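J.: Here is my input, please return the structure:
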Amino acid sequence: MKITVQSIRFNADRKLLDFIQKKADKLDTFYDHIISGEVYLKLENVEDEANKITEIKLMLPGTQLFAKEQCKSFEEATDLAIESLRKQIGKHKQKKTIAAEAVKKAVLAETEEEF
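T.: Okay, the predicted model is just below:
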């Protein structure tokens, strides 16, 4: 999966970019139809220690998923955002399965009516 990372108001180091790519690649094991992803890393100017924000947007066929987390480190925020997206992917797959079963039942009902 192709991931683009944009760090806003700072330069992200190579270790952080590799970490994000490695975590995002794990999402392919849950759903192999992910088209691409965009990651935004932001630093908030607040007194709170948890001033690092990771936003991840995934493009799927027909939809997109989004997760945003704010933590003390970008790695922790990325972990939480990826976990949130993993759950969203599970729900998305479940909805697609239910819709496919409904279509299948409708087609079977139509063919039974013809006979």
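J.: next one: phi and psi at the most centrally placed residue in the chain?
T.: In the chain, the residue lying closest to the centroid (Cα atoms, centre = their mean) is Leu85, at 3.9 Å. Backbone dihedrals for Leu85, given as degrees, to the nearest 10, come out at phi -70, psi -40.
J.: how near is the residue lying closest to it once chain neighbours are set aside to Lys105?
T.: Using Cβ to Cβ, 6 or more residues apart in numbering and skipping the chain neighbours, the partner closest in space to Leu85 is Ala67 (4.9 Å). Every residue, glycine included, has its C-beta placed from N, CA and C. Using Cβ to Cβ, to the nearest Å, one obtains 33 Å as the distance from Ala67 to Lys105.
J.: was I right about the residue nearest to Leu85 contacting Arg86?
T.: No - with contact defined as Cβ atoms under 8 Å, Ala67 and Arg86 do not form a contacting pair (9.4 Å).
J.: which of these two has more neighbours?
T.: For the pair Ala67 and Arg86, the greater number of neighbours falls to Ala67 (20 against 16), based on other Cβ atoms under 10 Å.
J.: From Glu83, how far off is the more buried one?
T.: In this structure, Ala67 and Glu83 are 8 Å apart, going by Cβ to Cβ.
J.: So the residue nearest to the centre of the chain sits against Lys68, correct?
T.: No - applying Cβ under 8 Å, one finds Leu85 not in contact with Lys68, separated by 10.6 Å.
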